[in-house]
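Novice: sharing a sequence plus its predicted fold:
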Amino acid sequence: MMENFKKLTKKPLFLPIFCMILVLLINLIKSPDFFAISINNGVLFGRLIDILNRGSEIAILAVGQTLVVAVSAGTDISVGSVMSLSACSCCMLLAGYGNNSVSTLAVPMIVGMLFGVLMGGVSGAMNGALVAKLKIQPMVATLILFTAARAIGLLLCNNQITYIRYEPYKYLGNFIPGCPIPTPVFVAAIVIAIVAVLLKKTALGLYIQSVGINGRAARISGINSDVICFICYVVCGVCAGIAGIVASSRIYSADSNNIGLNYELDAILAVALGGNSLGGGKFNLAGSIIGAYTIQAITTTLLAMGVSTDKAPVFKAIIVIIIVVVQAPAFKAYMAARKAQKEQRAQQAMVKEAA
């Protein structure tokens, strides 16, 4: 029985699934109606629906963050700010520069949305160039847009919140008429499916792992490590752009100061909870997705317990610290040494009993 349990704990998805189940059990004990789902005004309501809905943006970010961590052994801390920049770019184009509230669009809605996603891709390309070509540490390279992207977005919106009071614009972040399931769930599913197919049906997934494990060996074997790293950062930027458009549609406006705020921490935590090593190399996309929705479940739990949104990041930071420590080589070596000592003592005890 113990051997089967040990084998189970070594599975890649054990940690994220265990964390998800643990959070759900805590909620179930605290609130027996946690799993209750109802239909009001033709749409689904319930805490589980809220987790799927609100966690979709984190899941989209986690997809790009997983690739970045795997290929460069570093994190993109600019994804939250890039979300804000993409949302502001989209709303600025839809409303027309200088307008803060419109009900008639200046350009077709699809043009504004694509422009917002494009800005995310450009931001990712900038980060990728700094990391892949100039060999700057990922956290330092992405710190530039972490600081500047929100300010650029604010300038694009003429230092004001831009409201898009065009009804179809609200569909992407809320509900499509006649569909009871929140639209962000479908957006997240499409993004995840596209990236998963790309990784499975092409050699990109293998190349990412090869570069992440040993970039020099990958180059010797004929893989262009710089291009692979650059592509991963562009994908991460595009994911941040899509998440920014969803967040903007949810509140039908571009609030540069609040869209994507602290989401970089959630994305990194989702990757860590997914069982992915922050040291790069092998990665598990499914684990990151489960981790993303686990983060949202934790956020929902904290809010239900009366913890303010300002204090919630403290608890998430503690979880990140614990996960990073558990994954640290020194901690693993310490635990292995403890296990070896325990086995040695058991063998010595058996020898004494036999004597």
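Specialist: Sure, I can see it.
Novice: span of stretch 308-317 from start to end?
Specialist: 15 Å (Cα to Cα, to the nearest Å).
Novice: which residues are in contact with it?
Specialist: Contact partners of stretch 308-317, identified using Cβ atoms under 8 Å, 6 or more residues apart in numbering, comprise 262, 265, 266, 269, 295, 298, 299, 302, 303, 307. For glycine as for every other residue, the C-beta is placed from the backbone atoms N, C-alpha and C.
Novice: now residue 22: which helix or strand?
Specialist: helix 14-30 (DSSP states H and E).
Novice: swap in residue 64?
Specialist: helix 47-72.
Novice: pop the domain breakdown of the chain in here.
Specialist: Domains of the chain are assigned by automatic domain parsing as 2-306, 312-355.
Novice: quick one, helices of the stretch 101-250 of the chain?
Specialist: For the stretch 101-250 of the chain, the helices defined by DSSP state H, counting those that start in this stretch occupy 109-128, 138-156, 183-201, 204-213, 215-220, 225-251.
Novice: sorry, back to before: please pull up the helix or strand immediately following the helix holding residue 22.
Specialist: strand 38-40.
Novice: just for the stretch 251-355 of the chain, where's the confidence low?
Specialist: 320, 324, 327-328, 355 (pLDDT under 70).
Novice: point out the most buried one among the domains of the chain.
Specialist: domain 2-306 (a mean of 20; mean count of other Cβ atoms under 10 Å).
Novice: if we look at stretch 28-41, which residues are touching it?
Specialist: So stretch 28-41 is contacted by 24, 27, 44, 45, 46, 47, 48, 49, 180, 301, 304, 305 (Cβ under 8 Å, 6+ apart).
Novice: next, format these as CSV and append distance to residue 110.
Specialist: Below are the contacts of stretch 28-41 laid out as CSV (distance: Cβ to Cβ, whole Å):
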residue, distance to residue 110
24, 38
27, 39
44, 27
45, 30
46, 32
47, 33
48, 32
49, 27
180, 25
301, 37
304, 38
305, 41
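Novice: ok, and the closest non-adjacent residue to residue 177?
Specialist: Distance criterion Cβ to Cβ, 6 or more residues apart in numbering; nearest residue to residue 177, sequence neighbours excluded, is residue 171 at 7.7 Å.
Novice: and residue 198, what does it touch?
Specialist: residue 204.
Novice: rerun at 10 Å
Specialist: Residues near residue 198 by Cβ atoms under 10 Å, 6 or more residues apart in numbering: 204, 205, 235.
Novice: doesn't residue 196 make contact with the first one?
Specialist: No. The pair residue 204 / residue 196 is not scored as a contact, 11.2 Å apart, by Cβ atoms under 10 Å.
Novice: about what we covered before: farthest pair in the contacts of stretch 28-41?
Specialist: Pairwise distances across the contacts of stretch 28-41 (Cβ to Cβ) peak at 28.5 Å, for the pair 180 and 305.
Novice: rank the domains of the chain by pLDDT, which is bottom?
Specialist: With a mean of 77, domain 312-355 has the lowest mean pLDDT of these.
Novice: show me which of the contacts of stretch 28-41 is closest to residue 349.
Specialist: Distance ranking of the contacts of stretch 28-41 against residue 349, using Cβ to Cβ, places residue 24 first at 41.2 Å.
Novice: distance check, that closest one against residue 147.
Specialist: Separation of residue 24 from residue 147 (Cβ to Cβ, to the nearest Å) stands at 37 Å.
Novice: same deal with residue 302?
Specialist: For residue 302, the distance to residue 147 - Cβ to Cβ - is 27 Å.
Novice: try residue 310
Specialist: 21 Å.
Novice: do the same with residue 223
Specialist: Taking Cβ to Cβ, one finds residue 223 at 33 Å from residue 147.
Novice: same check on residue 62?
Specialist: 23 Å.
Novice: with residue 104 instead?
Specialist: Taking Cβ to Cβ, one finds residue 104 at 35 Å from residue 147.
Novice: same question, residue 102
Specialist: 30 Å.
Novice: again with residue 182
Specialist: From residue 182 over to residue 147 (counting by Cβ to Cβ), the distance is 32 Å.
Novice: what of residue 140?
Specialist: The gap separating residue 140 from residue 147 is 11 Å, by Cβ to Cβ.
Novice: shared neighbours of these two, anything?
Specialist: residue 77.
Novice: mind listing what the most centrally placed residue in the chain touches?
Specialist: In the chain, the centroid-proximal residue (Cα atoms, centre = their mean) is residue 62; its distance is 2.3 Å. By Cβ under 10 Å, 6+ apart, the residues touching residue 62 are 55, 69, 79, 188, 192, 239, 243, 266-271, 273-274, 276, 285, 287-293, 295.
Novice: can I get the strand or helix carrying residue 270 as CSV, trimmed to CA atoms?
Specialist: Element membership of residue 270, judged by DSSP H and E, is helix 263-273. Output of helix 263-273 as CSV, limited to C-alpha atoms (Å, rounded to 0.1, in the frame of the first residue of the first chain):
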residue,chain,number,x,y,z
TYR,A,263,-1.3,38.7,-11.7
GLU,A,264,2.3,38.0,-12.3
LEU,A,265,2.5,36.5,-8.9
ASP,A,266,-0.5,34.3,-9.6
ALA,A,267,0.9,33.1,-12.9
ILE,A,268,4.3,32.2,-11.3
LEU,A,269,2.5,30.5,-8.4
ALA,A,270,0.4,28.5,-10.9
VAL,A,271,3.5,27.2,-12.7
ALA,A,272,5.1,26.3,-9.4
LEU,A,273,1.9,24.6,-8.1
